[in-house]
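Colleague: Sequence below, structure please.
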Amino acid sequence: MTEKPLVRRATHDDMPALDAIYAHYVATTGVTFDVEPWPAGKRSAWLAEREASGDVVLAAEVSGRAAGFAWTSPFRPKAAYGTTAELSVYLAHEACGRGLGTLLMGALVAELPRMGKRLAVGGVALPNPASRALLVRHGFRSVGVLHEVGFKLDRFWDVEWFERQV
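Modeller: The predicted structure is shown next:
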């Protein structure tokens, strides 16, 4: 990264780059429990759903291209969970370790009061020291681990959950 990244609302034009970023994690890691890449067009429909629901989808732009993205989503579908948001951040593999995750998470956290949220949560498939550190850096605390909650890439994965008050 030679230029300062721009954090902005994601657009439909970003979808091919976001699909490529996400596909890397689907194919090579337990970070997401999706096991197949998203088909063409699904991410645009997903963005429209996020926007319609009042959630936020951000892109970190570097040199005119999305190098990472982050979003809020409902924690659970039942109405009483409406004041809780789950936060997610994904970076292009070559953009990791350059501060983009910190920029995106900070921007997401800043949106939460406007959205009427009181609690933010995030799950981390273990091991993942970088994602754990990102959440802790933004005031999240560990609230527990679900053991062997996912099976992908021929192994079981634990997920550690974090929360922070807004």
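
Colleague: Mind naming the longest helix for the chain?
Modeller: Longest helix in the chain, counting residues (DSSP state H): helix 15-28.

Colleague: hmm, who's touching the helix or strand following it?
Modeller: The helix or strand immediately downstream of helix 15-28 is helix 42-53, counting by DSSP states H and E. For helix 42-53, contacts defined as Cβ atoms under 8 Å, 6 or more residues apart in numbering pick out 10, 12, 15, 18-19, 22, 38, 56-57, 71-74. The C-beta positions use only the backbone N, C-alpha and C, and glycine is treated the same way.

Colleague: Give me the buried positions along helix 42-53.
Modeller: The neighbour-count check on helix 42-53 (16 or more other Cβ atoms under 10 Å) flags Arg43, Ser44, Trp46, Leu47, Arg50 as buried.

Colleague: contact partners of the longest helix of the chain?
Modeller: Here helix 15-28 makes contact (Cβ under 8 Å, 6+ apart) with 10, 31-32, 34-38, 40, 43-44, 47, 59, 65-69, 90-93.

Colleague: buried residues in that helix?
Modeller: Met15, Ala17, Leu18, Asp19, Ile21, Tyr22, His24, Tyr25, Val26.

Colleague: which stretches of the chain form helices?
Modeller: Under the criterion DSSP H, helices of the chain are mapped to 15-28, 42-53, 100-111, 129-137.

Colleague: quick one: which of the ones you listed is nearest Phe151?
Modeller: Among the helices of the chain, the nearest to Phe151 by Cβ to Cβ is helix 15-28 (14.5 Å).

Colleague: between the closest one and helix 42-53, what angle do the directions make?
Modeller: 110 degrees (axes from the mean of the first three to the mean of the last three Cα atoms, to 10 degrees).

Colleague: quick revisit: of the buried residues of helix 15-28, which is the nearest to Val136?
Modeller: Tyr25 (20.8 Å).

Colleague: how close does that closest one sit to Thr84?
Modeller: Here the criterion is Cβ to Cβ, to the nearest Å. By it, Tyr25 lies 24 Å from Thr84.

Colleague: Report the central residue of this structure.
Modeller: With distances taken as Cα atoms, centre = their mean, Ser88 lies nearest the centre of the chain, 1.7 Å away.

Colleague: quick one, what contacts that one?
Modeller: Applying Cβ under 8 Å, 6+ apart, the residues contacting Ser88 are Ala70, Trp71, Ser73, Gly122.

Colleague: I am finished for the moment; much appreciated.
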